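Build me a structure from this.
(chains A and B)
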Number of protein chains: 2
Amino acid sequence: MNRRDLALGKLRGLGNSIIDDVENNMVPSIKVPSRGTSNIVYDEAKRYYVLGDRYGKRSLGNVKQIKKVAQMVSMGNFCKGLVNTEKTATIREMYYVSEGWDVDFSNQDESNLIVEDLEVTMGISREDLGLMPEEDGASVYGDLTLKDDDVEINAIKSGKSGYSISPTIDEIEFLDHGVERVIAVETMGMFHRMVQEKAYKKFNCLIVGLKGQAARATRRFIKRTHDELGLPVYICNDGDPWGFHIAMVIMSGSAKLAHVNHELATPDAKFLGVTASDIINYDLPTDNLKDIDVLRLKELSKDPRYRDEFWQNEIKKMLKIGKKAEQQSFSKYGLEYVVEKYLPEKLDAM
Amino acid sequence: MNRRDLALGKLRGLGNSIIDDVENNMVPSIKVPSRGTSNIVYDEAKRYYVLGDRYGKRSLGNVKQIKKVAQMVSMGNFCKGLVNTEKTATIREMYYVSEGWDVDFSNQDESNLIVEDLEVTMGISREDLGLMPEEDGASVYGDLTLKDDDVEINAIKSGKSGYSISPTIDEIEFLDHGVERVIAVETMGMFHRMVQEKAYKKFNCLIVGLKGQAARATRRFIKRTHDELGLPVYICNDGDPWGFHIAMVIMSGSAKLAHVNHELATPDAKFLGVTASDIINYDLPTDNLKDIDVLRLKELSKDPRYRDEFWQNEIKKMLKIGKKAEQQSFSKYGLEYVVEKYLPEKLDAM
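Sure, this is the predicted structure:
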C-alpha cells in the first residue's frame, strides 16, 4: 500500500471510530498517545527515542476537550482533502485556513500541537497528511538519479549547489545510483569545498549539505539512502556541542519527535568529526568554549544518546581543553587539506 | 573580456602599481574609495545607492596603515590563486587561510573589511575574486535552461524545490527560456504554493523563492534575468516593513553595498504586494504592528529609496491601520486563492 492510501485509510479510521461511537450510543472519544516527558523513552535496542504505552482520552463528554476533538476532526478533514487532491499545505497555511472553521486556533502554536496530536494518534507523519514545514531540505550532490512525478533528476547534474531535498521527499523514487557512501556536512561552505575538491569522485559518495540542524525531509532522505540503498552514512560537523547534536539528531532522533523517529532516525550513521581529539591531533584554529557551550556539553554527557564511550570521552576531552573548532578551520592548511588529508584519514580509521 | 580575465587584470594592476612606486623610489600606497556614510549617495537617475568621489590613501609610509596594506596585498595574492585555478573560497575559509600569513586577522570582521576594501579599490565584486558567502541563493522554478560548466539544467526539471542559485552565478550562462516574467516571493511556503498551483504556467513565469532577505547571488540572478533576458520582475512579500525592505533591496540595493549595487540592483522590479491597501481590500488575517515594526516603518518613510508616492502612501496607511499581514494569510480563502485571484488582480493592475 502506498503512503497516500495508508494515510487515507487512517483518516477514515479516525472518522469511522467516531461514527461508530455515535451509532452505539456512546460518547465519542479519541485515544491520543501521551507525548509527555514521562512517556518518552530511549529505546536501547532501536537506539532512538520512542513513545511509551501511556495515552489520554479526548472525549466529547468532557467540556474542556470538546474544542480539541473538533479541531482534530476538522484538521483531519482538511488533510483528507489534501491527500485526495495530491496537494500539500504548510503548517502556516493550515493555521490560516482554520480561520474559516468554527473551531479556529488562537495562534499557530495551538494548531501545531493539534498537528502533532494527529500524527501521534494515527501513527503516521504529518508529511503523509500533506502538511509540510516551511523549511527547505538539504542540498545533495553526487551520482544519484531520482524521480519526482514524471521528472528524472540526477544530483550530479543539478548545478553547483546540487539537488534540493523537497519536503515531499517520500513521493520521490530512487531510480539509480553509482555511489558507495553518503557524507553529510554541516555547512554549505564545506559542501561547496567538497564539490570543488571533487570529494564525490574521491570518496565515491553523495555529499549532503545539512545547512545546520537537519530538516525532517533531510533526515528522511538520509534514512532512505541508508535503508533502501544500503549506503553507509558519515556526518562531519563543526567541533562543538551544536555540531555534535546536529549529528546525534540524525542518528538517534529527538525526544520531541519520539512518535516519528522510526521514520527519521539513522542509528547506523557515524560521526566522523570534528571531535575534540581532532582539534588536538590536527592543531586546529580554535575558539574558547563559551559558558553556554560548557553547559550544553554537560547536558549532552547526561543524555542517553551520548552514553557510549566514544561520546563520553570526546565530551570530557572538549571540556578539558576548553576549545571548539569549525569544520572550515582546516583551511589553515590550505583549501584542499580537508578533502586530501583529513577525511581520508578519518574514513580509514572507521 | 570575461569576468575572470578582468579580475586577473585588476589584481595585476594593483600589484604593478606597488612595484611601480618602488621602482620610482616612491613610498607605495593604495587609493581606497571611502565607504563612509558621507560618501554613500542615492543616485536619483540610477535609482540606487552609489559611492561618491572621496577616497583615502593607504600608505606604507604610515605606520598605522602598513598592516592593512600588507593584508590587502596578501589577500589579493590569495585571490589571484583562486581565480587562476578556477576555485572559490568562502570568506570564512579565507579568514582561516590567513592564519598562515605573517599579517593574519584577529577576527573575521577584520578580514571581511579587507574583502570590501579590495572590492571597492578594484571596482569588482568579491565573487569575481573567488570569495563567496556561506549562504545559498534562492530557489528557481520554471522554464529556464542554463549552463553550469558542461552541465545543462532546466529549472522546471530540477524537482519540486527547484534549481538552487549557486554563489558562482556569474559563471552560469542562460541558454534558453520560455517565460514572460519573473515573480519572486519571500517564503518557500509561498514558492511551493505557486509550484503546486502551477503559477509558472498560469503566469508564464519563473518563480523565485527568496528565503527572506535575498542573497547577493539571488540579486545578481534577478538582475541578469531582467537585463539579459528582458524579463519584467515582480516581487510579492509579506505585508510588513521587513517584506517591503526585502523587495526594496532587490530594487535599489543597500547602502552598505553601494560599491557593487550596479551589479546587484534591479530598479525596474515592481513590488506587487502585500501592501497595506491589500490588507484592507482583501480583509486579510492580521497581526498588530509591534513597536519595532512602527519604528522601522518610520525609518523607511525617510529613506530616499521610499520617496515616491506609492511607498509614502502605503507606509502611512500601514501605520494608520496598525496592522501587518503575511503572504500565506490569503489561505484564509482557500489554498488556491492567492494564485487564482490575488496575483491575477495585482498583475492586471500593473
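
Would you mind measuring from A:Gly137 to chain B?
7 Å (C-beta to the nearest C-beta, to the nearest Å). Quick note: C-beta positions are derived from backbone N, CA and C, even for glycine.

Nearest residue to that residue in space, please, no chain neighbours.
Nearest residue to A:Gly137, sequence neighbours excluded (C-beta to C-beta, 6 or more residues apart in numbering or on different chains): A:Ile165, at 2.9 Å.

and A:Pro167, how many neighbours?
25 (other C-beta atoms under 10 Å in any protein chain shown).

Quickly note the distance from it to chain B.
7 Å.

rewinding a little: make sure the residue nearest to A:Gly137 is actually in contact with A:Val140.
Yes: the criterion here is C-beta atoms under 8 Å, and A:Ile165 meets it with A:Val140 at 6.4 Å.

circling back: quick one, phi psi at the residue nearest to A:Gly137?
Per-residue torsions, A:Ile165: phi -70, psi 120 (degrees, to the nearest 10).

ok, now A:His262?
Torsion angles, degrees, to the nearest 10, at A:His262: phi -60, psi -20.

Now do the contacts for it.
Residues in contact with A:His262 (C-beta atoms under 8 Å, 6 or more residues apart in numbering or on different chains) are A:Lys46, A:Tyr48, A:Val50.

before we move on, what SS does the last one have?
I take that to be A:Val50. strand (DSSP: H, G, I helix; E, B strand; the rest coil).

before we move on, what about the first one?
For A:Lys46, the secondary structure call by three-state DSSP comes out as coil.

Distance check, it against chain B.
According to C-beta to the nearest C-beta, A:Lys46 and chain B sit 30 Å apart.

Neighbour-wise, which one of the contacts of A:His262 leads?
A:Tyr48 leads those on contacts (other C-beta under 10 Å) with 24 neighbours.

what pLDDT does it get?
For A:Tyr48, the model assigns a pLDDT of 95.

What residues are recorded as beta-bridge partners of it?
Residues in a beta bridge with A:Tyr48, per DSSP bridges, are A:Asp43.

wait, what's in contact with it?
A:Tyr48 neighbours (C-beta under 8 Å, 6+ apart): A:Tyr42, A:Met251, A:Ser252, A:Gly253, A:Asn261, A:His262, A:Ala265, A:Pro267, A:Arg305.

could I get the residues you listed as JSON lines with pLDDT and distance to A:Asp128?
Listed next are the contacts of A:Tyr48 as JSON lines, based on pLDDT from 0 to 100; distance: C-beta to C-beta, whole Å:
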{"residue": "A:Tyr42", "pLDDT": "93", "distance to A:Asp128": "25"}
{"residue": "A:Met251", "pLDDT": "97", "distance to A:Asp128": "23"}
{"residue": "A:Ser252", "pLDDT": "95", "distance to A:Asp128": "22"}
{"residue": "A:Gly253", "pLDDT": "93", "distance to A:Asp128": "17"}
{"residue": "A:Asn261", "pLDDT": "94", "distance to A:Asp128": "15"}
{"residue": "A:His262", "pLDDT": "93", "distance to A:Asp128": "13"}
{"residue": "A:Ala265", "pLDDT": "97", "distance to A:Asp128": "17"}
{"residue": "A:Pro267", "pLDDT": "97", "distance to A:Asp128": "22"}
{"residue": "A:Arg305", "pLDDT": "95", "distance to A:Asp128": "26"}
